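Colleague: need coordinates for the below:
(one chain, ligands or ions: 1)
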Amino acid sequence: MKAIRFLNECGDFTMEQPENYSYLYFPIAGENKIKSSITPNLGGDSKIDQNTFLLEPVSVENLHNNRSSRNFWCMVEGVGNWSVTGQSAEEEYKKFTKEQDKSRLFAGFMWHRIERISSKYQLEAKVTSFVPLDYNLEVMQVEICNKSEEKQTITPIAAIPIYGRSADNIRDHRHVTSLLHRISTNKSGVLVKPTLSFDERGHQQNKMIYYVCGVTGEGENPTSFYPIVDDYLGEGGSFTNPLAIREDIEGIAAEESFEGKEALGGIRFQKITLEPKQKVSYTILIGATTDSKKIEQAMLSFQTKEKVEDALQKVKEYYQEKVNVKYHTSDENYDHYLRWISFQPILRRMYGCSFLPYHDYGKGGRGWRDLWQDCLALLIMNPSGVRDMIVSNFGGVRMDGTNATIIGNKQGEFVADRNNITRVWMDHGFWPFLTTKLYIDQTGDIEILNEKVPYFKDKQILRGTSQDEIWDDSYGMKQKCLDGSIYYGSVLEHLLLQNLTAFYEVGEHNHIRMRGADWNDALDMAEQKGESVAFTCAYAGNFKDLANYLREYKKMLKVDTIVLSKEIVMLLNCSKELYENPIEKQKLLQVYGQICKHTISGSLVNIAIKEIIDDLESKANWMMEHIKTSEWVEDSLGHGWFNGYYDNHGRQVEGVFDKNVRMMLTGQVFAIMSGTAQKEQIKAICKSADTYLYQKDIGGYRLNTNFYEEKFDLGRMFGFAYGEKENGAVFSHMTVMYANALYKQGFVKEGFQALQSLADTAMDFNTSKMYPGIPEYFNDVGRGMYPYLTGAASWYMLTMITQVFGVRGEMGDLIIEPKLLKEQFDQEGIASISLTFSERQFEISFYNPMHLTYGSYRIERAVCNETILFDNSNGKACLSKKELQKLGTSLHKIDVFLTKISKAECK
Ligand code: G1P
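Modeller: Coordinates of the predicted model:
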C-alpha cells in the first residue's frame with residue numbers, strides 16, 4: 001500500500017505513523033507574515049521574520065534532537081501522563097514497539113492534523129494546526145476522546161516554550177537575551193515582552209509581545225499557568241519528563257509577572273471527567289503582536305470549538321482557490337502531486353528562500369533570479385497582480401546593467417549594498433526578459449514595454465568592480481541625471497541594457513564571464529577567468545527573442561522608433577570586428593560604465609526599431625555560431641555535448657580528462673532552450689545525458705558527473721559530497737528546465753522522461769521520504785531534500801501547462817498545442833486541465849479515443865462552449881484575444897478532439 005494516500009480532489013492526504021520517518025515537516029503560514037514548520041510530533045518552529053521568532057528556530061537536525069515542541073499533556077488519573085503529541089520520555093521508549101501509539105496524519109494546503117490513539121491511556125487525540133486568515137498566530141486545536149468503557153478523569157496541560165527573540169540569538173547571547181524577557185500571565189495565558197531586541201541592527205527597544213493563550217472549546221479559561229521553563233521542568237527535568245507533570249504541581253495564577261527567564265506557554269486546564277466516548281476540546285493560540293488588544297480580540301475570535309472550525313474551513317477554501325489549476329491525466333496520484341507542486345510557488349512567495357528547517361540560511365528574502373522566476377507560476381495563477389510586480393522589479397536594475405541583490409520587504413524596494421563585497425551573478429540579467437515575455441504572451445499587453453521605471457543607484461559602479469565615492473544617502477537610491485532629476489527609462493530600455501551589457505563582459509574565450517557565479521550559486525570561485533558558456537547561450541536566446549518581440553511591438557503599436565537614453569546607444573551597433581575581440585569588448589563596456597557612474601546626461605535619442613532588431617540578431621547569431629564552433633566536446637565513443645564553463649585558470653571544464661568524463665547539465669539546457677543546439681546536436685546531447693547523468697531511481701538527470709576533484713578554481717560545489725546539492729545531485733530546477741527546453745524543441749519523449757522521473761521518485765515515498773511536492777534535489781539515495789521552497793515548482797507547473805498540455809498565450813491569444821504522450825491519457829483516452837486565462841476559468845479536455853501518442857495525432861476540432869469552433873491552422877487551436885473578451889466570467893469548457901495524422905501530413 002502507498003504510504004501517502006490522497007483523500008479527495010483538493011490534494012488532502014493521509015499517512016500512518018509519520019513520526020517514524022526522519023526530517024518530515026509541513027508548512028503552515030498566513031498572509032500576515034507568520035510562518036511555521038510543524039513536524040509529526042508538533043516540533044518545528046514559528047516566526048514572523050529573522051528577528052521575530054515565536055518558537056525556537058530549528059534546522060533539520062533539531063527535528064530529532066529537540067525536546068522542546070508544541071506539547072500537550074493529559075494527566076490521566078490512576079494511569080499516568082500522556083503526551084497527545086507523542087513528545088514524552090515514555091513514548092520515545094515505546095517507539096517502534098507494539099505499544100507505540102497509533103498515529104495518523106491528515107494534511108492539506110496550510111493545515112495539519114495528527115490523530116493519535118493510546119492503548120494504555122484509552123484516549124484518542126486529534127491535534128489540528130493552522131494559521132487563520134486574519135491573525136498573526138497559529139491555532140492548535142486539541143480534541144480528546146475517552147475511548148475506554150469507563151469514565152476517565154484527565155487534567156490537560158499545554159506546554160509550549162516561547163522563544164521570543166531573533167534567530168541570531170540561538171547561540172549568540174542566548175542566555176543574556178533571556179534576561180530581557182518580561183513575562184506575565186493573564187486570564188488565558190502567558191505573554192512575553194522582551195525589553196530589547198538584540199540582533200544585527202544592534203539593540204533596539206522591543207515592542208513585540210509573544211504569547212501562548214488557551215481556552216476550552218466551551219470558552220472557559222485555564223485554571224493556572226507555568227510561565228517559567230525552570231520551574232516547570234524542575235531540577236534535572238526535561239520537556240519530555242517535566243517535574244510539573246510528573247508530580248502534578250499546580251501552576252501559578254493569572255496576573256503574575258516575572259523577569260529574566262526562559263519562558264513557557266504552560267497552560268493548565270480544569271480537571272475533567274469524561275464519560276465513555278465523550279469528547280472535549282481545547283484551543284491554544286501561539287502568536288506575536290505589537291498590540292495587546294489583538295490578543296484579546298483573537299481570544300474572542302477563537303473562543304469556541306465552532307469558531308475554530310469555521311476559521312479552519314476558511315483557510316481551506318482560501319488556499320484551494322489560490323491554487324486554481326487542476327490536472328487530469330492517466331494517474332490520479334500524479335494529478336494530486338501536480339496540485340501540491342502548484343501550491344509550492346505560493347509557499348515560496350510567503351516563506352522566501354529561508355524559514356523552513358532545511359532552508360536554514362538567508363534572512364527571509366528571495367534573490368533576484370528567484371524573484372523573477374517565482375513570477376512565472378504566479379502569472380499563470382494570478383496574472384492580475386503580476387504586472388505591477390514586474391514593472392516595479394525593474395527598478396532594481398542599475399544603469400550598468402547589473403542589479404540590486406538585496407530585495408527589500410516591500411514590492412519594488414531594493415536595499416543599497418553598503419559593503420565592499422559586491423557580487424555580480426552573471427545570469428541575473430537573463431531572467432527578467434523571460435518573465436516579461438511570458439507576461440506579454442499570456443496577456444498581449446506589449447505596452448508594458450513602454451512603462452517608465454527608474455534605475456537603482458548605490459555605491460556600486462562599473463558592474464561591481466568599483467565604487468562611486470561621491471554617492472551617499474543624500475543622492476538617494478534612484479539614478480539621477482546631471483540636472484539632479486531622477487531618470488526614468490522604459491521597461492524595454494532596462495531589458496536592452498541588461499542584455500547588451502552582458503554581451504560585452506567577456507573573458508578570454510569570448511564567452512560571458514562568470515563573475516560571482518551564474519544560476520549555479522555554488523560555481524563561485526572563478527571570478528577572474530571563469531566564463532559561463534551555458535549562460536552565454538541563454539543570453540543569445542534572449543537576443544533572438546527580444547528581436548522577435550520588438551517586431552511584434554513595432555507591428556502592434558505601429559511605431560518605427562523607440563526612445564533610449566543617449567548613453568546606451570554606444571552598446572548598439574558596435575562594429576562586427578569588435579565581436580571577435582574580447583579585450584575591445586571589455587574596453588567599450590568600461591567606457592560606457594565610466595559615462596554613467598554617477599549621473600547620466602538625461603538626453604534621449606530616437607532609434608529605429610529595425611536597427612535594433614538587426615543588431616540583436618547579428619549579435620545572437622555571432623554568439624551561437626561562436627559556441628557551436630568552439631564548445632562542442634566529444635568522448636571516444638562519439639557522444640557529444642557542449643562545454644558549459646571555463647574555470648579560473650581559463651581552462652575548458654567539460655570533456656574527457658584522463659578517462660574522467662566531465663559533463664554538466666546546465667550548458668546543455670541553455671544550448672537547447674536558446675536554439676543554439678541544432679537538431680542533431682540535441683539528439684547527441686540526450687544520448688550523452690542518458691549515458692552520463694541519468695539515474696532513474698534517484699530522480700533522473702544529475703546536475704553533473706563526478707569530477708573526482710575538489711575543483712576550487714571553479715566553485716565550492718566541488719567541496720560538497722558528490723550527489724548532494726549542486727554537486728551532481730538530481731537538482732530539480734535544472735532537470736525541469738532541461739525538460740522544458742526539450743519540449744520546446746519538440747523532443748517530447750525525452751522531455752517527458754526528465755519530468756516523469758522526478759515525479760516518480762517524489763511519489764515513491766519509500767525512496768523520497770517526503771510529503772507530496774517536488775524537492776529542491778534528490779540526494780544520492782533518492783531522498784527528497786529541501787522540500788517546498790524551490791524554484792523548480794514554478795518551472796514544473798509552467799512546463800506542464802504551457803508545454804505538456806500546451807495551453808499558453810501568444811500575444812494574448814489562447815493557443816492550444818498539446819504534447820501529451822499516449823500514456824498520459826486515461827483509459828478512455830481523455831486528459832484535461834482547468835485553469836484561468838485572461839481572467840476566465842477554462843476546463844480544457846483532450847479526447848484521444850484512438851490512444852494515439854504525440855507525433856501521430858493532430859487537432860481535428862476544438863470546440864468552446866459547444867458553439868464556437870476556432871481556427872486550428874498549424875496544428876494549433878487558437879482562441880483570439882478578441883473572442884476571449886466576448887466570453888463571460890463563468891466556467892468555459894473547451895473540448896479538443898485529436899485524430900490520426902495522415903501519411904501525407906506526416907511529410
Ligand atoms: C536554489 C536557489 C536558486 C539557485 C539554485 C542553484 O534553487 O534558489 O536561486 O539558482 O539553488 O544554485 P531552488 O532552491 O530554487 O531550486
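
Colleague: show me where the stretch 201-350 of the chain has its strands.
Modeller: Counting by DSSP state E, counting those that start in this stretch, the segments of the stretch 201-350 of the chain that form strands are 202-205, 209-216, 224-228, 257-259, 263-268, 272-274, 279-289, 326-328.

Colleague: ok, residues contacting the first one?
Modeller: Going back to what we said before, that points to strand 202-205. Applying C-beta atoms under 8 Å, 6 or more residues apart in numbering, the contact partners of strand 202-205 are Thr195, Leu196, Ser197. Using the backbone N, CA and C atoms, a C-beta is placed for each residue, glycine as well.

Colleague: quick revisit: Serialize the strands of the stretch 201-350 of the chain to CSV and add fields for distance to Leu438, mean neighbour count and mean pLDDT.
Modeller: Listed next are the strands of the stretch 201-350 of the chain as CSV, based on distance: least, C-beta to C-beta, whole Å; neighbours: other C-beta atoms under 10 Å; pLDDT from 0 to 100:
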stretch, distance to Leu438, mean neighbour count, mean pLDDT
strand 202-205, 41, 10, 89
strand 209-216, 41, 26, 98
strand 224-228, 52, 24, 98
strand 257-259, 55, 13, 98
strand 263-268, 46, 28, 98
strand 272-274, 57, 16, 98
strand 279-289, 37, 23, 98
strand 326-328, 19, 21, 98
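
Colleague: which positions in the chain make contact with the ligand?
Modeller: Applying C-beta under 6 Å from any ligand atom, one finds that the chain approaches the ligand through 353, 367, 369-370, 519-522, 726, 733, 776, 790-792.

Colleague: please name whichever of these scores lowest on pLDDT.
Modeller: Lowest pLDDT among these: Gly367, with 87.

Colleague: correct me if wrong: that residue contacts Cys353.
Modeller: Yes. If you go by C-beta atoms under 8 Å, Gly367 and Cys353 touch, sitting 6.8 Å apart.

Colleague: compare these two (neighbour count), which wins?
Modeller: A count of neighbours by other C-beta atoms under 10 Å puts Cys353 above the other of Gly367 and Cys353, at 21 against 18.

Colleague: now that one, what's its secondary structure?
Modeller: coil (DSSP: H, G, I helix; E, B strand; the rest coil).

Colleague: and if you look at the one 10 residues further on?
Modeller: The three-state label for Lys363, taken from three-state DSSP, comes out as coil.

Colleague: pull out the buried positions in stretch 88-96.
Modeller: Neighbour-count burial for stretch 88-96, counted by 16 or more other C-beta atoms under 10 Å, picks out Ser88, Ala89, Glu90, Glu91, Lys94.

Colleague: need those residues in CSV (columns: secondary structure and pLDDT).
Modeller: Listed next are the buried residues of stretch 88-96 as CSV, based on DSSP: H, G, I helix; E, B strand; the rest coil; pLDDT from 0 to 100:
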residue, secondary structure, pLDDT
Ser88, coil, 98
Ala89, helix, 98
Glu90, helix, 98
Glu91, helix, 98
Lys94, helix, 97
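
Colleague: what's the burial count for Ile470?
Modeller: 10.

Colleague: that one contacts His598, doesn't it?
Modeller: Yes. Proximity of Ile470 to His598 meets the contact threshold set by C-beta under 8 Å, at 6.3 Å.

Colleague: who's in contact with the helix or strand containing Ile183?
Modeller: Per DSSP states H and E, Ile183 falls inside strand 182-185. Applying C-beta under 8 Å, 6+ apart, the contact partners of strand 182-185 are 190-195, 225, 227-228, 252-259, 261, 263.

Colleague: in the helix or strand following it, what's buried?
Modeller: Heading C-terminal from strand 182-185, the first helix or strand you meet, by DSSP H and E, is strand 189-192. Residues Gly189, Val190, Leu191, Val192 are the ones in strand 189-192 that count as buried (16+ other C-beta under 10 Å).

Colleague: same deal with stretch 803-823?
Modeller: Here stretch 803-823 shows 803-821 as buried, counting by 16+ other C-beta under 10 Å.

Colleague: need the contacts of strand 202-205 in JSON lines (columns: pLDDT).
Modeller: Shown next, in JSON lines, are those (pLDDT from 0 to 100):
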{"residue": "Thr195", "pLDDT": "97"}
{"residue": "Leu196", "pLDDT": "95"}
{"residue": "Ser197", "pLDDT": "92"}
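
Colleague: of those residues, which is the most crowded?
Modeller: Result: Ser197 is most packed of the contacts of strand 202-205 (other C-beta under 10 Å), 22 neighbours.

Colleague: how near is it to Lys529?
Modeller: Distance, Ser197 to Lys529, by C-beta to C-beta, to the nearest Å: 45 Å.

Colleague: next one: Gln411
Modeller: 38 Å.

Colleague: the more surrounded of those two?
Modeller: Using other C-beta under 10 Å as the criterion, Gln411 and Lys529 rank with Lys529 on top: 17 against 14.

Colleague: if we can go back for a sec, of the buried residues of strand 189-192, closest to the ligand?
Modeller: Distance to the ligand across the buried residues of strand 189-192 (C-beta to the nearest ligand atom) is lowest for Val192, with 33.6 Å.

Colleague: pull the contacting residues for the closest one.
Modeller: Ile162, Gly164, His181, Arg182, Ile183, Ile209, Tyr210, Tyr211, Ala263.

Colleague: pairing partners for the fourth one in the sheet, please.
Modeller: Read that as Arg182. Note on Arg182: beta-bridge partners by DSSP bridges are Glu259.

Colleague: what's the neighbour count on it?
Modeller: A total of 17 residues lie near Arg182 under the criterion other C-beta under 10 Å.

Colleague: pLDDT at it, what is it?
Modeller: We have a pLDDT of 98 for Arg182.

Colleague: distance check, it against Val139.
Modeller: Using C-beta to C-beta, Arg182 is found at 25 Å from Val139.
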